[in-house]
Every structure is written in structure tokens, then in C-alpha cells.
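A.B. asks: Next input, structure requested:
(2 chains)
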Amino acid sequence: MTSQSRLDLPGTYVFDGPTSRRGHRMNKMFMSLIDPAARTVFTADEAGYCARFGLSEEQTTAVLERDWQAMLDLGGNIFYVYKLAMMDGLSMQYLGGVFTGMSEDDFKAAMLAGGRTDV
Amino acid sequence: MSEVIWGLATSHVPSIGAAMDRGMTDQPVWSPLFEGYRPAREWLAQHTPDVAILVYNDHANGVDLDIVPTFAIGTADRYSVADEGYGRRAVPDVVGDPDLSFHLLQNLVDEGFDLTVFSELDVDHGFTVPLSVWTPEPGDAWPCPVIPIMVNVIRYPQPTAARCYALGKALGRAIASYDGARTVGILGTGGMSHQLAGARAGFINPTFDHMFLEAIENDPEKLAALSREELIRQAGSEGIELIMWLVMRGALNEQVRKVHSAYHVPASNTAAGLALFDNRAVQPA
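C.D. replies: The predicted structure follows:
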């Protein structure tokens, strides 16, 4: 069954009901990383931490491999995924580069040039 | 009765706050943005209200996805600044105004806006960055008490632009009916065009943004008629935050006087906009 109100816009994630359900446990795990103590526990055993939050095998693999694209495809919301990126010292420009096949520097340059107005 | 004296629309990009916190506002990448704020800040410093209402969204700091209110209001006497993971911003906590919060809540519910109530709420950059845009050096306290109104702009379906505008109108009536002859400032935050994820990440639409900046002053009905799909298409998946500007605009009079507006690309991945309106413009007879 699919949602009858899916917005199909190429290159754009819409965090709708089915997506939110798919990513719920993973997003909760990301949000927990706000707490420094939780980050320590996560770092000591990332797979175990993911298991505790009930992530699927695919989601756990995406997290362990830092496959940012896969995290989105598996229901991750960008504001939650970003908690893990911040922990790794990565910026939103870095992620923008990953999602668009650019280096972080090239993505930053594109933004400084006025953003991607042609997509 | 109380009176809305001004409305301020502004982006709430976290890096704007970070640039201020780290003393980077004079750097070439940032100075055009902050120069653009200057006339608005000078005017606002001369027009401090008794209380302000700030319409914003949380970014996985004050609430998580277990419960996502479509519209919510804070009724606390104090709101802590959220630690978003690496220490809270070195800005003051926010003093609230529970009495006005309860008045607004009752009037809005009576008008059919069934808001969720936050008795406790940590406010994140979506809230503190607009306060910093307004007041760059608050010292120990923000200029006045501030009441949060939270809008879901992350989880689809977001409220429609029309509903946000209608909420603003009801908010304006609720403010007007509050005894105490207080002056009120209202902030609508977020935007402008931007998209953080997907192959369209980095998307900016200056044509749409300039249209929005003009219409928020003179033709908000046109903006209220935009569907959420059209907003996501034209402003990006995160640019839909602009619906929060309509809550602010709805609370203002039909005719407003623009004090200042500014537009700059980029603030990190986002087009940053600001528009300040004096709500004491003479109304048509």
C-alpha cells in the first residue's frame, strides 16, 4: 500500500508518513547523540548501540559505513542524520557534497556563487 | 487592549548564530549578510516591545519524532537554550510570559486552533538565532519576554500556508483582546529557499525569494494560496519553513510599512532573508 498523497519531486526527500515510520528507530538513535555520554557509549560499540535502538541490519550497515545517502533512503531525516555528521566533525556542506556528487569545497563554492539555481 | 507594533521575518540558519558567537561577522563571507541586518537592528533597538511572540520550528533538539505537534505554544515562565550536541549557545535563557500565553491559548482554541501546550521547552537555534538577528548583544537578558509558537515544518504534511496565515490572523485578534495595554513584537522565522538533502541539495531560487519578500508585505493572500507541494518545489524541501512568515504576517494589519528588507546568498546552504514591518502604518479609511 502506498500513501495516496506522495509528492514525487526528483532529487527531493519528503519526510512523509511511510518514510517517518521506516526511519523512526534510526532517527531516535541519531537524536540520542545530543548527549555526550551517549556519544561515548556509541563510539565504544557502534553496532551494539544501533542494536539497542532496534535499527534494521541495513540501517546499521549504513550507520557503520557512514553511507549518508543510504541513511536518507532508509528513512533518516536530514536534521537527525546531521547529529551523527556533527559527531564526526562533518558540516552540512560536506553532506551537500555527498548528496550531489561534489567535494565539500566544490559544494561550498557553488553556494558562494549563489547556490544551485538550475536544479 | 494590546497592540502588535512590528513584525520581523528572518531566516534562522544556525551558522548565522555561530558566525556571531565566534566573532566572524566581519569576515568577507559573512559581512554582507550582517550589513544587511544593520538598518533593521537600529530601528528595532528604538522600538522595544513589552513582549514578543516568536514563531519557529524545532530541529530535533526540543522535541523528537515521537510527538510532532502541528502547532504548539509555550506557557513556561522560562525557556532554556537547548544544547544541540556540543554545548549551548552562550546567549541568555528566554523569559516567558505565562499569563499572555494562557490568554493566547484560550482565544486560539476558541477560534478552532487546537494548539499543543509546552509547559517545558528547550529552544534551539530556530528560536535563538532570530533573537540574535534582532538583538546582537543581549548581555544578560533578551530585550523582553518572548513566547514560542512552534510549527511543524519537517514532518509531511506540514500545515498549509493558508492555515498558517489564518492562525496569524487569529493570533492578532487574541493579542488585541489582551488587557494590559502592552506592545507586542512578532517574529516569523525560517527560509528562505533551501534544500539540505537529495540530489537537489543546495537548491536556491532567488526569483521565488524576491517574489516572496515583496508579497509578504503587499499580497500575503497570494502566498497563503501556495500549496505545500508548490512551496517544496519552488523553495526546496526546507524552504517550506517560509509558511511561518505567514503566521507573523497574519497577525499584522492589512497595510504595513516596510522598515527594511535584506536578502543574501548564502548563509551556509541557505538563502537568508529579512523583512521588518512597522504595524502602526495608517490604515485605509
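
A.B. asks: buried ones in stretch B:214-225?
C.D. replies: Applying a neighbour-count criterion of 16 or more other Cβ atoms under 10 Å in any protein chain shown, one finds B:Ala215, B:Ile216, B:Glu217, B:Pro220, B:Leu223, B:Ala224 buried in stretch B:214-225. Backbone N, C-alpha and C define where each C-beta goes, glycine included.

A.B. asks: same question for it, mean pLDDT?
C.D. replies: Averaged across stretch B:214-225, the pLDDT comes to 98.

A.B. asks: Centroid-nearest residue for chain A?
C.D. replies: Chain A has A:Val81 as the residue nearest its centroid, 3.2 Å off, counting by Cα atoms, centre = their mean.

A.B. asks: where do the strands sit along the stretch 101-250 of chain B?
C.D. replies: Ranges of strands in the stretch 101-250 of chain B, per DSSP state E, counting those that start in this stretch, are B:116-118, B:146-151, B:183-189.

A.B. asks: In terms of pLDDT, where does the nearest residue to the residue nearest to the centre of chain A once chain neighbours are set aside sit?
C.D. replies: Nearest non-adjacent residue to A:Val81, counting by Cβ to Cβ, 6 or more residues apart in numbering or on different chains: A:Met71, 5.1 Å away. With respect to pLDDT, A:Met71 has a value of 98.

A.B. asks: other SSEs contacting the host helix or strand of A:Met71?
C.D. replies: Assigned by DSSP states H and E, A:Met71 belongs to helix A:68-73. In terms of contacts (3 or more Cβ pairs under 8 Å, 6 or more residues apart in numbering or on different chains; DSSP states H and E), helix A:68-73 is packed against helix A:57-64, helix A:78-87, helix A:92-100.

A.B. asks: Helix A:57-64 and the longest one, what's the angle between them?
C.D. replies: Right, helix A:78-87. Helix A:78-87 and helix A:57-64 are oriented at 40 degrees to each other (axes from the mean of the first three to the mean of the last three Cα atoms, to 10 degrees).

A.B. asks: how close does the closest residue to chain A within chain B sit to B:His260?
C.D. replies: Distances from chain B to chain A, computed as Cβ to the nearest Cβ, single out B:Ile204 as the nearest residue at 2.7 Å. For B:Ile204, the distance to B:His260 (Cβ to Cβ, to the nearest Å) stands at 22 Å.

A.B. asks: what separates A:Pro10 from B:Ala235, distance-wise?
C.D. replies: Computed as Cβ to Cβ, the A:Pro10 to B:Ala235 distance reads 16 Å.

A.B. asks: Which of these two has more residues huddled nearby?
C.D. replies: Neighbours per residue (other Cβ atoms under 10 Å in any protein chain shown) separate A:Pro10 from B:Ala235, with B:Ala235 holding more: 26 against 8.

A.B. asks: give me every residue that touches the more buried one.
C.D. replies: B:Gly191, B:Met192, B:Ser193, B:His194, B:Asn205, B:Phe208, B:Asp209, B:Phe212, B:Leu242 (Cβ atoms under 8 Å, 6 or more residues apart in numbering or on different chains).

A.B. asks: 10 Å instead?
C.D. replies: B:191-195, B:203-205, B:208-209, B:212, B:226, B:241-243, B:271 (Cβ atoms under 10 Å, 6 or more residues apart in numbering or on different chains).

A.B. asks: just B:Ala271 next, same as before
C.D. replies: For B:Ala271, the contacting residues are A:111, A:114-115, B:11, B:13, B:191-194, B:203-206, B:208-210, B:235-236, B:239, B:263-265, by Cβ under 10 Å, 6+ apart.

A.B. asks: B:Tyr56 and B:Ile154 touch, don't they?
C.D. replies: No - with contact defined as Cβ atoms under 10 Å, B:Tyr56 does not reach B:Ile154; the gap is 12.0 Å.

A.B. asks: Identify the contacts common to these two.
C.D. replies: Contacts common to B:Tyr56 and B:Ile154, judged by Cβ under 10 Å, 6+ apart, are B:Glu241.

A.B. asks: Those two: which has the busier surroundings?
C.D. replies: Per other Cβ under 10 Å, whichever of B:Tyr56 and B:Ile154 has more neighbours is B:Tyr56, with 28 against 23.

A.B. asks: Could you list the buried residues of the strand ranked longest in chain B?
C.D. replies: Ordering each strand of chain B by length in residues (DSSP state E) puts strand B:257-267 first. Neighbour-count burial for strand B:257-267, counted by 16+ other Cβ under 10 Å, picks out B:Val259, B:His260, B:Ser261, B:Ala262, B:Tyr263, B:His264, B:Val265, B:Pro266, B:Ala267.

A.B. asks: Please report how far the first one lies from A:Val119.
C.D. replies: So the one you mean is B:Val259. Distance, B:Val259 to A:Val119, by Cβ to Cβ: 34 Å.

A.B. asks: Next: the fourth one.
C.D. replies: Using Cβ to Cβ, one gets 25 Å for the distance from B:Ala262 to A:Val119.

A.B. asks: same deal with the second one?
C.D. replies: When distances are taken as Cβ to Cβ, B:His260 and A:Val119 turn out to be 31 Å apart.

A.B. asks: before we move on, what about B:Arg78?
C.D. replies: From B:Arg78 to A:Val119 the distance is 43 Å (Cβ to Cβ).

A.B. asks: what about these two, which has more around it?
C.D. replies: A side-by-side neighbour count of B:Arg78 and A:Val119, using other Cβ under 10 Å, places A:Val119 first with 18 against 13.

A.B. asks: close enough to count as contact, the more buried one and A:Pro10?
C.D. replies: Yes - between A:Val119 and A:Pro10 a contact is recorded at 9.2 Å, counting by Cβ under 10 Å.
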